[in-house]
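Participant: here is my input; please provide its structure:
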Amino acid sequence: MTEQTDREAPVYDPHTRDLSPERAYELYGELRERCPVAHGEKYGGYWALSRYEDVRAAAMDHDGYSSTGGVYVPAVSDHRFPPIDYDPPEHEKFRKLIAPLTSAAAANQMEPRIQATVDRLVGKFLEAGEAELVEGLAIPLPLDVITQLYDLGPEQADEIRAYSLDFLEHASDDEGRKVIGRVCDYWVRLFAQRRDEPGDDFISQLLAINDELGVNDETLANMMFILTYAGHDSTALGLSNVLLYLAEHPEAQQRLIDEPKLIPTAIEEILRYETPLHWFPRQLTADACMAGQRMSAGDRVMLLFASANRDARVFENPDEVVIDRKPNKHLAFGAGIHSCPGMPLAKAEIRVAVRTLLERIPGFRINGDVERTNPLEGGGRHLGVRRLPVTW
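Facilitator: Residues are numbered from 1 along each chain as shown. Here you go, the predicted model:
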């Protein structure tokens, strides 16, 4: 990141190597106060919105702020990822396809299986008195849940995690395209297998629904790539952020043990405070003006959700976790038609995991070096935890 002088406006560049969580939130504060609609020259040029009011307004306006320009800046694929890279009416078609996986009803139905997975994972380290909670729980939980829904085995779960790590490393460079190509070929082969031998699983249901909708396999494969990759890694980031905060704040743990009904509220608040995915892009379909800044049709616009979630104009004491904060209209899962489709399932997984840990290993605390995500991971969007050693 270039040095800023008093006369220079701050610039947000998601691909800079020094964008640690601390620096990111410091920069967001500078942007909100000094340059709420900031311009960057790289990657073909883009605007960055940092205030809650502006970010939410853009997220809700899918007519003016289109998602068809792609979810990455710069692009990592020549194809679009459904449903996140589509606007109505195509968007509704893809949301219908994934409804069996992403609805609140599906999440409620999955909760016993989520609980069984959490119990199994916690049981592996319960007697040891110590654990590393990212590899031991935060990653395998959503990965196990999603592969159960797909009716895939442990070996295939390992393959999904391996390609996700490969993509996380290369989402900021051209190698990411090759990763996506290999993974989409995998899904096309799996579609053929499930058509020959359908089962009672999400992929078989998706293909049956698609008999009516007629989406081609290449497009379905791109959808499965982003759905599977985001469906486990984003949840892992959210869960690990929540667990890190609780491990560092024994008073917060005790309050949730004393008042377990506050667990969902506390999770929402920690996700506001430590947003797992910091930004998503849009593309203007017409000239627009926001915070006095004129932007032109075709311009790329980054919606800085993590910055919006720390805006003092909306959240009192935004740089503190207020366990019982209400109301809490945070944007950790986005807003509008492109809010995270896996939100109900992700919330269920995080809630069950937190509740179980507080019941079975109360008082867990940091026991070694915590490792945060690389600032370039996931195309410069992911800021979370990759290693969380605890003891109790």
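
Participant: mean confidence score for stretch 129-137?
Facilitator: For stretch 129-137, mean pLDDT rounds to 97.

Participant: got the CA coordinates for it in CSV?
Facilitator: Below are the C-alpha coordinates for stretch 129-137, written out as CSV (Å, rounded to 0.1, in the frame of the first residue of the first chain):
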residue,chain,number,x,y,z
GLY,A,129,-7.7,-31.0,27.4
GLU,A,130,-6.5,-29.1,24.4
ALA,A,131,-7.3,-28.7,20.7
GLU,A,132,-6.8,-26.7,17.6
LEU,A,133,-10.3,-25.5,16.8
VAL,A,134,-9.9,-24.6,13.1
GLU,A,135,-8.7,-27.9,11.8
GLY,A,136,-10.5,-29.8,14.6
LEU,A,137,-13.9,-28.2,14.3
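
Participant: show residues contacting it.
Facilitator: 118, 121-122, 124-125, 236, 239-240, 243, 247, 353, 357, 364, 367, 385-392 (C-beta atoms under 8 Å, 6 or more residues apart in numbering). Just so you know, the C-beta spots here come from the backbone N, C-alpha and C atoms, and that holds for glycine as well.

Participant: restricted to helices, list those residues.
Facilitator: Per DSSP state H, helices hold the following members of the contacts of stretch 129-137: 118, 121-122, 124-125, 236, 239-240, 243, 247, 353, 357.

Participant: which two among the residues you listed are spaced furthest apart?
Facilitator: 124 and 247 (18.3 Å; C-beta to C-beta).

Participant: compare those two (neighbour count), which wins?
Facilitator: Neighbour count, other C-beta atoms under 10 Å: between residue 124 and residue 247, residue 247 has more, with 24 against 12.

Participant: can you show me the strands along this protein?
Facilitator: For the chain, the strands defined by DSSP state E cover 37-40, 46-49, 65-66, 130-132, 279-284, 288-290, 293-295, 300-304, 365-366, 371-372, 385-387, 389-391.

Participant: which strands border the longest one, and is each parallel or antiparallel?
Facilitator: In other words, strand 279-284. Note on strand 279-284: by DSSP bridges, its sheet partners are strand 65-66 (antiparallel), strand 300-304 (antiparallel).

Participant: could you list every residue that touches residue 12?
Facilitator: Residue 12 makes contacts with 27, 31, 38, 40, 48, 50, 302, 304, as judged by C-beta under 8 Å, 6+ apart.

Participant: could you tell me the phi and psi values at it?
Facilitator: Dihedral angles of residue 12 (phi, psi; degrees, to the nearest 10) stand at phi -100, psi 120.

Participant: per-residue pLDDT, it?
Facilitator: At residue 12, pLDDT is 92.

Participant: let's have the chain start at 887 instead
Facilitator: Sounds good: first residue 887 from here, last item residue 898.

Participant: where's residue 906 relative to residue 912, distance?
Facilitator: According to C-beta to C-beta, to the nearest Å, residue 906 stands 9 Å off from residue 912.

Participant: for residue 1113, same thing?
Facilitator: 33 Å.

Participant: in terms of neighbours, single out the busier of those two.
Facilitator: residue 1113 (24 against 12).

Participant: leaving out chain neighbours, which residue sits closest to that one?
Facilitator: residue 984 (6.4 Å; C-beta to C-beta, 6 or more residues apart in numbering).

Participant: what is the neighbour count of that neighbour?
Facilitator: Neighbours of residue 984 (other C-beta under 10 Å): 22.

Participant: show me what contacts it?
Facilitator: Residue 984 is in contact with 969, 1092, 1109, 1113, 1227, counting by C-beta under 8 Å, 6+ apart.

Participant: pretty sure the fourth one sits against residue 987.
Facilitator: When you say that, I think you mean residue 1113. Yes: judged on C-beta atoms under 8 Å, residue 1113 makes contact with residue 987 at a distance of 7.5 Å.
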